[in-house]
Structure formats: C-alpha cells, structure tokens
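Trainee: my questions are about this predicted structure, shown below with the sequence.
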Amino acid sequence: MAGSPGVWVGVDVGSVRVGVAVADPAGILATPLRTLAVTTDDALVADLGVVLDEVGAVGAVVGMPRQLSGAEGSAAERARLVAGALAQARPGCVVFLVDERLTTVDAHRRLRDSGVAGRRQRAVVDQAAAVLILQSALDHLAAQGTPGGEQIFPPGGQRTRRTKGRR
C-alpha cells in the first residue's frame, strides 16, 4: 500500500501558510502546487482534502518539524494533528509523517541562490519546502518501497508504526 503507484502530495505545515507540492504520476519529480492560508485546522484539512481529490492522490507526506535534537515541539504536535485528521478524512489515501528538519532553511537558501528576493520568497518558500519534503519521500519510496517516516492510520485502523529507514 505504501508503495502504491500514483500521485503523491507533499505538505509543509506552517502556522500561517501551508505549502503543497505534487508529484508526477510516475513518482519521480515533485513540483510546487500552491500555498494555503491557515485559518482553522478543520478548514486546512478540508482544503488539503480538496487538493488530494483534485490531483487524485494515492498518498500524502506531511513534514514533521523535529528539533535538531530529534525532539518534537509544538510545531511537530500540530503536524501530527493535521496528518491524523487527514488520514481520518481520506481513509483511501495513505498518510506519512516524514522528518523535515531544516527544509524551510534549505528552501530559503535555494530561492536566494536562484535570484528570488527576500520579500518574494515569502509567497513561495512554503511550496519550495513542500517540494523538498516530497522529493525526499519520493526518492526513499523508489529505493525502499516506502516514503519513510511514520505511517498515520485513521482512528480504529492499524496502529501507527514507524517504518524501517525512517528519515
């Protein structure tokens, strides 16, 4: 199930904006899709559900913003909440939490290196971070048959488990 062929979506959950990226059906290349404004968690999950339906996603990877030590803070708790709500709202779509340490920092650096000015970065940095999250998961999926990280199951489903090769 985790290695299902089809379109995957990457999500970078922020407190103000959420970046969304999408993979091609072959699961080779992640590209930016859109940035969603955060109003409430319920509205965010509904908006993400619409995106998953629009692209016909078989899976979603949500970035897990761990601290450098590996500990989970309030941002990780929120990502876990969004991933769980998404798994519950879309039971036919597999959902994984994947380590995303420093992806936003890397996205800012890559945008700066490509000539995107500071203020213009704000509009697209969340999408760029979602691309990095998704591309890492796609690469892991191609090599290991799973996007890595932790699969999130809807309540009443299988227990949440960590997969081998966690990122």
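Mentor: Good, I have the coordinates. None of the values given here were measured: they were computed from a predicted structure.

Trainee: only C-alpha atoms from now on, for both contacts and neighbour counts.
Mentor: Will do.

Trainee: for this protein, which residues score under the pLDDT cut-off?
Mentor: 1-4, 101-108, 110-112, 115-123, 156-167 (pLDDT under 70).

Trainee: buried residues in the lengthiest helix in the chain, which are they?
Mentor: Criterion DSSP state H: the longest helix present in the chain is helix 118-144. By 16 or more other CA atoms under 10 Å, the buried positions in helix 118-144 come out as 121, 124-141.

Trainee: next SSE downstream of that helix?
Mentor: Sequence-wise, the next helix or strand downstream of helix 118-144 (DSSP states H and E) is strand 150-152.

Trainee: which secondary structure elements does that following strand sit against?
Mentor: Packed against strand 150-152 by the contact rule (3 or more CA pairs under 8 Å, 6 or more residues apart in numbering; DSSP states H and E) you find helix 74-89, strand 94-99, strand 161-162.

Trainee: now the second one against helix 118-144, angle please.
Mentor: Here the directions of strand 94-99 and helix 118-144 differ by 110 degrees (axes from the mean of the first three to the mean of the last three CA atoms, to 10 degrees).

Trainee: partner strands of strand 94-99, with direction?
Mentor: Sheet pairing of strand 94-99 (DSSP bridges) gives strand 57-64 (parallel), strand 150-152 (antiparallel).

Trainee: redo these as TSV? Include mean neighbour count and distance to Arg34.
Mentor: Putting the strands paired with strand 94-99 into TSV (neighbours: other CA atoms under 10 Å; distance: least, CA to CA, whole Å) gives the following:
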stretch	mean neighbour count	distance to Arg34
strand 57-64	26	15
strand 150-152	24	23
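
Trainee: among the ones you listed, which is nearest Ala76?
Mentor: With CA to CA, the closest approach to Ala76 among these belongs to strand 57-64: 5.6 Å.

Trainee: quick revisit: most neighbours per residue, which of the helices and strands packed on strand 150-152?
Mentor: strand 94-99 (a mean of 26; mean count of other CA atoms under 10 Å).
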